[in-house]
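> Structure, please.
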Amino acid sequence: MRKITLITIIVLTLSCITATAQKHNKKVMKKVLFVLTSHSELGNTGEKTGFWVEEFAAPYYELADKGVQIDIATPLGGQPPIDPKSDDPSAATEDTKRLDNDTAVLDKLKHTHKLADVNQADYDAVFYPGGHGPLWDLAEDKNSIALIEAFYSNDKPVAFVCHSPAALKNVKVNGEFLVKGKKLTGFSNSEEEAVGLTKVVPFLLEDALQANGATYSKIGDWQPYAIEDGLLITGQNPASSKLVAEKLLNQLNLKN
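Numbers count the residues shown, from 1 in each chain. Below is the predicted model of the structure:
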């Protein structure tokens with residue numbers, strides 16, 4: 001009788017431990033939405049643009065390797081355009097090389113969700129990789145604008161790197177530009193001049209953010225630099241993409 005009672009106690013204890021562990025795992029499992037551009041034309045140059053591979057790959061693996069679930073969305077859905085310069089062997093990094101051989105993630109890129117079909121309630125944060133494409137479509141996309149407003153208003157982190165803070169250009173919260181009074185960064189005027197596209201892009205990101213009241217800062221061209229101001233996380237250039245992901249991951253962990 002005592003043996004049966006002891007076994008029963010052990011079984012019940014193990015069940016409680018398992019249930020608690022499962023509940024804990026469910027609690028800490030985070031889900032992030034990545035938003036990429038659908039725009040492929042580099043102004044009137046006849047050249048192509050899109051998203052910058054490193055700015056997708058580095059944050060993707062930084063988060064995914066820590067157990068974060070990631071979905072990808074674009075304005076048009078399906079395969080987003082890749083900036084050819086970012087896909088050149090000279091621009092390769094360990095993360096982009098990993099992506100080149102990651103059939104599962106490449107398949108996710110081929111079948112991205114449409115922005116109009118996603119809901120912030122299904123995610124804990126949103127991350128926007130850059131590339132010049134966002135200057136044309138995400139800066140004006142009504143679904144993207146509404147999505148960022150919804151994430152921010154529901155106390156969820158919003159993260160951007162390089163050119164993707166362009167998606168903040170028309171975002172307002174309570175009637176004011178979201179960036180007003182916020183400390184942030186993004187692709188600088190000097191970096192845009194260095195790549196020879198100052199006269200090609202529809203607007204200069206640094207100027208546009210400041211025009212909307214942002215407290216913009218930067219460091220030397222191409223140097224890693226990321227800023228966190230409350231829920232808003234921004235990085236200056238491709239070299240800053242992992243820093244942004246690290247800050248985002250830290251915010252997600254703090255919300256456990």
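> which residues touch Ser40?
Taking C-beta atoms under 8 Å, 6 or more residues apart in numbering, we find Ser40 in contact with 48-50, 81, 133. Every C-beta, even on glycine, is put in place using the N, C-alpha and C of the backbone.
> Skipping adjacent residues, who's closest to Pro75 in space?
Leaving aside its sequence neighbours, Pro75 sits nearest to Ser38 (C-beta to C-beta, 6 or more residues apart in numbering; 4.4 Å).
> you'd agree Gly213 is up against Leu178?
No. In terms of C-beta atoms under 8 Å, Gly213 does not count as a neighbour of Leu178; the distance is 9.6 Å.
> between the two, who's got more neighbours?
For Gly213 and Leu178, the more surrounded residue by other C-beta atoms under 10 Å is Leu178, and the numbers stand at 25 against 14.
> Quickly note the distance from that one to Lys255.
Distance, Leu178 to Lys255, using C-beta to C-beta, to the nearest Å: 20 Å.
> got it, and Arg98?
For Arg98, the distance to Lys255 - C-beta to C-beta - is 28 Å.
> Summarise which helices and strands whichever strand or helix holds Ala146 is packed against.
Element membership for Ala146, per DSSP states H and E: helix 142-153. If contacts are counted by 3 or more C-beta pairs under 8 Å, 6 or more residues apart in numbering; DSSP states H and E, helix 142-153 sits against strand 125-128, strand 158-161, strand 172-173.
> Out of those strands, which one sits most buried?
strand 158-161 (a mean of 30; mean count of other C-beta atoms under 10 Å).
> Direction included, what does that strand pair up with?
Here strand 158-161 is paired, per DSSP bridges, with strand 125-128 (parallel), strand 232-235 (parallel).
> where along the protein do the helices fall?
Ranges of helices within the chain are 2-28, 53-64, 94-100, 103-110, 142-153, 189-194, 205-211, 241-254, based on DSSP state H.
> Now the nearest residue to Leu178 once chain neighbours are set aside: phi and psi?
Nearest non-adjacent residue to Leu178, counting by C-beta to C-beta, 6+ apart: Val171, 4.5 Å away. Main-chain torsions, Val171, degrees, to the nearest 10: phi -90, psi 130.
> Much appreciated, bye for now.
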